[in-house]
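A.B. asks: have a look at this fold, sequence not included:
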């Protein structure tokens with residue numbers, strides 16, 4: 001029996017650095033609103049521009065990681081993140097902050113493209129991405145507990161992103177360089193495998209992610225204005241919710257392929273819809289905390305199966321990157337959508353509309369899972385825009401949230 005293959009810690013580190021931006025987006029946008037001459041909508045638009053830039057990088061690089069080399073692209077992304085976010089942190093000039101944020105976002109997207117491609121091709125993607133999720137969740141949690149005590153101003157969140165990129169740089173020396181064209185498999189040139197299923201999943205994910213992050217962008221306002229909680233209490237709820245997200249990561253790892261794909265994706269999305277409706281209609285601490293914590297617990301579990309499904313469609317990781325980038329589009333639009341809905345119809349109706357949208361989008365996602373049920377099941381926890389935990393006073397800004405980024409996004 002051969003020895004266990006060592007874990008690719010550079011990929012874990014890249015995963016953490018790439019997904020940290022959407023996890024910190026609520027406090028990033030909140031501080032832009034509070035420290036610069038910007039309205040809440042304008043600050044949210046900057047956050048959306050960050051995520052859109054990140055998604056653009058993913059779309060452009062999904063099939064090019066091998067060609068350029070993981071090491072080269074990772075270093076390029078880290079450099080862009082360091083320079084972009086660092087520049088945004090050091091200036092108070094709004095156009096320069098916007099430019100730095102967009103450049104940094106493109107760097108984050110480049111980093112996540114490298115991480116997603118490498119993880120999808122790894123022998124044990126489940127374990128690697130679980131570690132990545134734990135890393136980014138733990139780091140984001142530590143920053144949310146630390147940043148409020150380091151002073152005011154807009155620069156601390158982007159500075160944290162820049163320093164994280166700098167810290168990861170030394171690990172890139174262990175990544176592979178470009179792959180010679182002659183050595184790449186013939187299937188690498190031409191159309192993607194399972195095109196119909198991949199396109200359907202990529203089309204559904206923006207809507208799925210938008211619904212998640214539309215609520216997250218106004219969750220702080222719900223806690224403060226509707227549930228009549230203090231900022232300290234709201235922050236404590238979000239801290240517990242982030243801890244629940246860590247449990248969700250561990251739960252996804254423990255479940256693995258036992259439940260198949262369709263049940264976690266379809267049933268989990270339905271439960272998330274209920275959590276969103278509960279949180280949006282909350283009028284006191286128990287209901288608000290129940291909705292937010294349950295939602296953050298379920299989110300990474302469902303996201304792991306969604307992106308594991310994407311990874312199963314192409315072992316080179318192209319669908320994983322493309323679906324993740326598509327999810328980032330929804331994450332980018334989510335904050336603005338949440339603000340508009342909340343202003344137009346109120347929080348409870350907003351929650352009902354988002355929940356209904358999630359139930360609808362769960363149908364095609366579950367259909368893809370059922371159609372591919374007979375294929376091998378690599379469960380990959382690769383959050384695009386996982387929700388993050390808002391900090392500071394500006395809980396009224398638009399922001400996501402794992403990405404599961406993201407994504408939040410979280």
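C.D. replies: That came through, no problem. Just so it is clear, the model here is predicted, and its values are computed rather than measured. Numbers count the residues shown, from 1 in each chain.
A.B. asks: could you tell me the end-to-end distance of stretch 121-130?
C.D. replies: One end of stretch 121-130 sits 15 Å from the other (Cα to Cα, to the nearest Å).
A.B. asks: distance between it and the chain's centre?
C.D. replies: Its chain's C-alpha centre and that of stretch 121-130 lie 18 Å apart, by Cα atoms, centre = their mean, to the nearest Å.
A.B. asks: buried stuff in it?
C.D. replies: 121-122, 125-126, 128-130 (16 or more other Cβ atoms under 10 Å). (Each C-beta comes from the backbone N, C-alpha and C, glycine too.)
A.B. asks: also stretch 30-47?
C.D. replies: Quick answer for stretch 30-47 (16+ other Cβ under 10 Å): 30-36, 38, 40, 42-47.
A.B. asks: can you tell me which of those residues is closest to residue 227?
C.D. replies: When these are compared for distance to residue 227 (Cβ to Cβ), residue 30 wins out at 18.2 Å.
A.B. asks: shaky segments in the chain?
C.D. replies: 1-7, 126, 179-190, 231, 373-410 (pLDDT under 70).
A.B. asks: show me where it has strands.
C.D. replies: Taking DSSP state E as the test, the strands found in the chain are 385-386, 407-408.
A.B. asks: what about the spatially closest residue to residue 140 that is not a sequence neighbour, neighbour count?
C.D. replies: Closest residue to residue 140 apart from its sequence neighbours, by Cβ to Cβ, 6 or more residues apart in numbering: residue 23 at 4.0 Å. Other residues near residue 23 number 37, with proximity taken as other Cβ atoms under 10 Å.
A.B. asks: so residue 23 touches residue 138, yeah?
C.D. replies: No: with contact defined as Cβ atoms under 8 Å, residue 23 does not count as touching residue 138 (10.5 Å).
A.B. asks: picking that back up, residue 354: which of the buried residues of stretch 121-130 is nearest?
C.D. replies: residue 129 (26.6 Å).
A.B. asks: so that closest one sits against residue 119, correct?
C.D. replies: Yes: Residue 129 lies in contact with residue 119 (Cβ under 8 Å); the separation is 5.4 Å.
A.B. asks: neighbouring contacts of stretch 60-75?
C.D. replies: Residues outside stretch 60-75 that contact it (Cβ atoms under 8 Å, 6 or more residues apart in numbering) are 10, 14, 109-111, 113-114, 117-118, 169, 172-173, 175-179, 181, 184, 188, 316-318, 321-322, 325.
A.B. asks: quick one: buried ones out of the residues you listed?
C.D. replies: Neighbour-count burial (16+ other Cβ under 10 Å) applied to those gives 10, 14, 109-111, 113-114, 117-118, 169, 172, 175, 179, 316-318, 321-322, 325.
A.B. asks: quick one: contacts of stretch 269-279?
C.D. replies: With contacts defined as Cβ under 8 Å, 6+ apart, stretch 269-279 is touched by 208, 211-212, 215, 219, 222, 287-288, 290-292, 294-295, 298-299, 302, 351-352, 354-356, 358-359, 361-362, 365.
A.B. asks: got a quick PyMOL command for the buried subset of the residues you listed?
C.D. replies: In PyMOL syntax, the buried subset of the contacts of stretch 269-279 is picked out as below (16+ other Cβ under 10 Å):
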select buried, resi 208+211+212+215+219+222+288+291+292+294+295+298+299+302+351+352+354+355+358+359+361+362+365
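A.B. asks: which residues in this structure form helices?
C.D. replies: 9-35, 40-61, 65-68, 70-90, 94-120, 125-146, 156-168, 195-221, 231-255, 262, 268-280, 285-312, 318-345, 347-371 (DSSP state H).
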